[in-house]
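K.L.:
Here is my input; please provide its structure:
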Amino acid sequence: MPEPRPIQTLTQALTGIVVPAEAPRRRLPRLSSFRTEDPALRARYDDVTLWYGAVWLAGEGRLRLFGPPGLNLRPLLRSARYETEAGPLPAPRLRRFKRYVTAEFPLDRPVGTLFMEVAGQRLSMPVLTQDLQALAGLNTLYTMSQNNDLDWIEDWITYHHRHHGANGLVIADNGSTAYTPGELAERLSRLDFLKGLRVTSVPFRYGPSSAICRRASQARFLQTAIANLHRDLYLTRARAVLSCDIDELMISTSGRSVFDAAVARKLGFLTVPGYWRFSRVPSGQRARHADHLWIDPARSKPCPTKYVIRPDGALAGWSWMTHSLEALPRAAFKASPEFWFAHCHDISMRWKEGREATAGERVWQRDPVLEALWSA
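P.N.:
Sure, this is the predicted structure:
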């Protein structure tokens, strides 16, 4: 087995900045409300983080911060003062997106630490410098993961290498307790087809599920903000980036790679619909992707799309979302019938509502496409 690459070159950590103890907390978005009084469940909502991380964009001479929406904390953010070890920074340019905010400062030299004075406290976090060569020219998968089985992750990236030519991988590890980011990176670094690999520790609250909060998607900030942070940190020179989850496998009906298809498009952007597939692994046994051969006719509607994008293409400046690009009408980019993804029901830690095993297995049908694929 190949020796792993040095882990210190593969892992990175975000520490962020949280509100001081005496400052107000972030309230829920206007149309969201809790379904529960349980404080442990309510605590899944991030009411304390001001900034997740900061990236120095060397080629642009800018420092960019990424954080959750300010909401009622906007006055706190507007009154804050910033500096680095090189001296004070001017007032930031604040930009609001659908699920996150950024702050930008002109900065023509690398720095190590950002300092923030807010509510009478002096807080700090490290500044990350872009590392664009690590994934330059590679067909790269990007995902956020928490405690997913290491075999699942290895199966997922290996499948996309064999069938789509994936040779780069960036994982945002959202506070896994089953292993450390270093252990995850060590396992994946043994895959010799990976020419670029980065694992980032992202120890922030993901946000509530629909069982905890009405309009829960509006109260989940982390995934979108961190995707755009990683775009700036690692991915702007990748050949193409496929954003999808560990339980999703891209299927090509023609044999062509989704990366090649996205690069060939004028706008460098391809959306892909998904369909649930189910396993019949006995209770108590762990399912793998290749066990997902079954279609449930009651759940045959397509899942929300995922996408592949050329980061330096015509849509390079658009904000990345989970299922498409922000403010880009999904209907304007109808998915090609050439591609779809199998959404593997039992590759899941089951933290979300609605991922329970379905009933009526006697009417399930075998999927001949996946049956042939797994057999091959």
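
K.L.:
Scan the protein for its longest helix.
P.N.:
helix 150-164 (DSSP state H).

K.L.:
Now do that helix: everything it contacts.
P.N.:
139, 141, 145, 166-167, 169, 171, 179, 184, 187-188, 191, 193-194, 242, 246-247, 249-250, 252, 257-259, 288-290, 347 (CB atoms under 8 Å, 6 or more residues apart in numbering). For glycine as for every other residue, the C-beta is placed from the backbone atoms N, C-alpha and C.

K.L.:
Out of these, name the ones that lie in helices.
P.N.:
Using DSSP H, these in helices are Leu184, Arg187, Leu188, Val258, Phe259.

K.L.:
need the contact list for the fourth one.
P.N.:
If I follow you right, that is Val258. His164, Leu242, Met250, Ser252, Leu270, Val272, Val308, Phe339.

K.L.:
which residues of the protein fall in helices?
P.N.:
Under DSSP H, the chain gives helices at 39-42, 74-79, 150-164, 181-189, 222-230, 258-264, 368-375.

K.L.:
so which of those is the most packed in?
P.N.:
For those, the largest average neighbour count (mean count of other CB atoms under 10 Å) is found in helix 222-230, namely a mean of 24.

K.L.:
picking that back up, closest to Ser217 among the contacts of Val258?
P.N.:
Checking the contacts of Val258 against Ser217 by CB to CB gives Val272 as the nearest, at 20.1 Å.

K.L.:
With adjacent residues omitted, what lies nearest to Met116?
P.N.:
Leu123 (4.9 Å; CB to CB, 6 or more residues apart in numbering).

K.L.:
What separation is there between the one you found and Tyr234?
P.N.:
Taking CB to CB, to the nearest Å as the measure, Leu123 falls 26 Å from Tyr234.

K.L.:
Tell me how this protein divides into domains.
P.N.:
The chain breaks down into these domains under automatic domain parsing: 7-129, 133-375.

K.L.:
Check those for me and report the most buried one.
P.N.:
domain 133-375 (a mean of 18).

K.L.:
Tabulate the domains of the chain (TSV), appending mean pLDDT.
P.N.:
Below are the domains of the chain laid out as TSV (pLDDT from 0 to 100):
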stretch	mean pLDDT
domain 7-129	95
domain 133-375	93
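
K.L.:
thinking again about what came up before, can you add distance to Asn72 and give the ones in helices among the contacts of helix 150-164 back as a markdown table?
P.N.:
Conversion of the ones in helices among the contacts of helix 150-164 to a markdown table gives the following (distance: CB to CB, whole Å):
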| residue | distance to Asn72 |
| --- | --- |
| Leu184 | 36 |
| Arg187 | 42 |
| Leu188 | 40 |
| Val258 | 41 |
| Phe259 | 42 |
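
K.L.:
isn't Asp108 right next to Gly59, touching?
P.N.:
No. Contact criterion CB atoms under 8 Å: Asp108 and Gly59 do not qualify, at 11.1 Å.

K.L.:
who touches both of these two?
P.N.:
Counting by CB under 8 Å, 6+ apart, nothing touches both Asp108 and Gly59.

K.L.:
what about the residue nearest to Leu373 when sequence neighbours are not counted, distance to Ala238?
P.N.:
Nearest residue to Leu373, sequence neighbours excluded (CB to CB, 6+ apart): Ile251, at 7.2 Å. Here Ile251 is placed at a distance of 22 Å from Ala238 (CB to CB).

K.L.:
before we move on, back to that, and the ones in helices among the contacts of helix 150-164, which is closest to Ser201?
P.N.:
Using CB to CB, the ones in helices among the contacts of helix 150-164 come closest to Ser201 at Leu184, 9.6 Å.

K.L.:
which residues touch the closest one?
P.N.:
Counted by CB under 8 Å, 6+ apart, Leu184 has contacts Leu150, Ile153, Ile171, Asp173, Ser176, Val199.
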